[in-house]
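# fold the following for me, if possible:
(one chain, ligands or ions: 1)
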Amino acid sequence: MNSIVLVTGSSRGIGAATAKHLASLGYAVCVNYIKSGIEANKVVTEIVNNGGKAIAVQADVANEDDVIGLFKSIDTGLGQITHLVNNAGILLPQARVSEMSAERINKVLTTNVTSYFLCCREAIKRMVNGGAIVNVSSAASRLGSPSEYVDYAASKGAIDTLTRGLSLEVASDNIRVNCVRPGFIETNMHADGGEPGRIERVKSIIPLQRGGKPEEVAAAIAFLLSNEAAYITGTFIDLAGGK
Ligand code: NAP
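Numbers count the residues shown, from 1 in each chain. Just a heads-up that it's a prediction; the model follows:
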């Protein structure tokens, strides 16, 4: 059976590293993005130039109609999906809970939580011969991110619970659901949170004394998707330098 994977939010950062790594392992990859079409197409070009197969599809994964369209594009462009990496996520500028509007909280929750549910739903419908899902959560779900983004941390707490509940729900269908919890990874997400130099500021309190690389997260995701992890479901790999 050919391995066909959707990596949501794979125009840059952890998603792009994961898309490229999975393509190098033989997966046909759907590269999803919302705004960065040029970057997404660069990821596809790199994969194709290295002998792999990939398509880029623009879709807001927080929008139900867009998600339905995204999966239809995979059906026609690549075939029946076998693997899913729920990775797309946002961080809004650092704020205390006492300053957060309902609009902000809902944007974080729909982008970081509703999207994962919708993509799981569409993938599971198609995984009639089994499959594997990896959700990208965050160390923030354990640490809480006080005075920075408790809304984001809470959205990742929901992903931990989704992982556990869904893994039990679909285990007898031979669909495995696991989770990675990165922290302090060198991507542009920290700039979106208003502090591009965040990792430099906090690295002395990270036991391994450095930020992580997107490729290090991609390797853990690839392991959890692979047959080497065939007896692993409902579990978490923490990638936060020991924090
Ligand atoms: P990033 O560099 O900011 O990239 C985010 C990706 O998500 C981009 O490809 C972006 O697409 C896409 N995206 C955002 N909203 C979307 C939407 N509504 N629909 C479709 N795509 C959307 O982020 P990252 O640091 O690689 O983070 C990836 C995942 O890891 C996130 O779930 C994040 O919470 C998690 N994580 C990151 C860290 C870290 O330290 N970096 C730590 C823990 C967890 P466009 O480029 O088109 O906007």
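
# sketch out the low-pLDDT regions of the protein for me.
1 (pLDDT under 70).

# now Glu148: phi and psi?
When read as degrees, to the nearest 10, the backbone of Glu148 gives phi -120, psi -70.

# you'd agree it is up against Gly193?
Yes - if you go by C-beta atoms under 8 Å, Glu148 and Gly193 touch, sitting 7.1 Å apart. Where C-beta positions appear, they are placed from N, C-alpha and C, glycine not excepted.

# wait, is Asn32 part of a strand?
Yes - counting by DSSP: H, G, I helix; E, B strand; the rest coil, Asn32 is located in a strand.

# what sits against it?
Counting by C-beta atoms under 8 Å, 6 or more residues apart in numbering, Asn32 touches 6-11, 15, 40, 56-59, 61, 70, 88.

# quick one: which of the residues you listed is most hemmed in?
The most crowded member of these, judged by other C-beta atoms under 10 Å, is Val7 (33 neighbours).

# if we can go back for a sec, shared neighbours, Glu148 and Gly193?
Gln94.

# hey, what's Val29 bridged with?
Beta-bridge partners recorded for Val29 (DSSP bridges): Val5, Ala54.

# ok, it - how many residues close by?
Counted with other C-beta under 10 Å, Val29 comes out at 29.

# please list the residues of this structure that sit near the ligand.
8-15, 32-36, 60-62, 87-90, 111, 136, 138, 182-185, 187-189, 192 (C-beta under 6 Å from any ligand atom).

# of those residues, buried ones?
8-15, 32-34, 36, 60-62, 87-90, 111, 136, 138, 182-185, 187, 189 (16 or more other C-beta atoms under 10 Å).

# which ones among the residues you listed are found in strands?
Residues of these located in strands (DSSP state E): 32-33, 136, 182.

# greatest separation within these: which pair is it?
Tyr33 and Pro182 (19.5 Å; C-beta to C-beta).

# and the residue most central in space within the chain, how far is that from Asp192?
The residue lying closest to the centre of the chain (C-alpha atoms, centre = their mean) is Asn87, at 1.3 Å. Asn87 sits at a distance of 15 Å from Asp192 (criterion: C-beta to C-beta, to the nearest Å).

# could you do Leu118 as well?
With C-beta to C-beta as the criterion, Leu118 and Asp192 are 22 Å apart.

# leaving out sequence neighbours, find the closest residue to Glu61.
Residue 61: Val, not Glu. Leaving out its chain neighbours, the residue that sits closest to Val61 by C-beta to C-beta, 6 or more residues apart in numbering is Ser115, at 3.8 Å.

# show me where this structure has its helices.
Counting by DSSP state H, the chain has these helices, from start to end: 13-24, 37-49, 64-77, 102-109, 115-126, 140-143, 150-170, 189-192, 198-202, 214-225.

# please identify the most buried of those helices.
helix 13-24 (a mean of 24; mean count of other C-beta atoms under 10 Å).

# packing partners for that one?
Using 3 or more C-beta pairs under 8 Å, 6 or more residues apart in numbering; DSSP states H and E, the elements in contact with helix 13-24 are strand 4-7, strand 28-33, helix 37-49, strand 83-86, helix 214-225.
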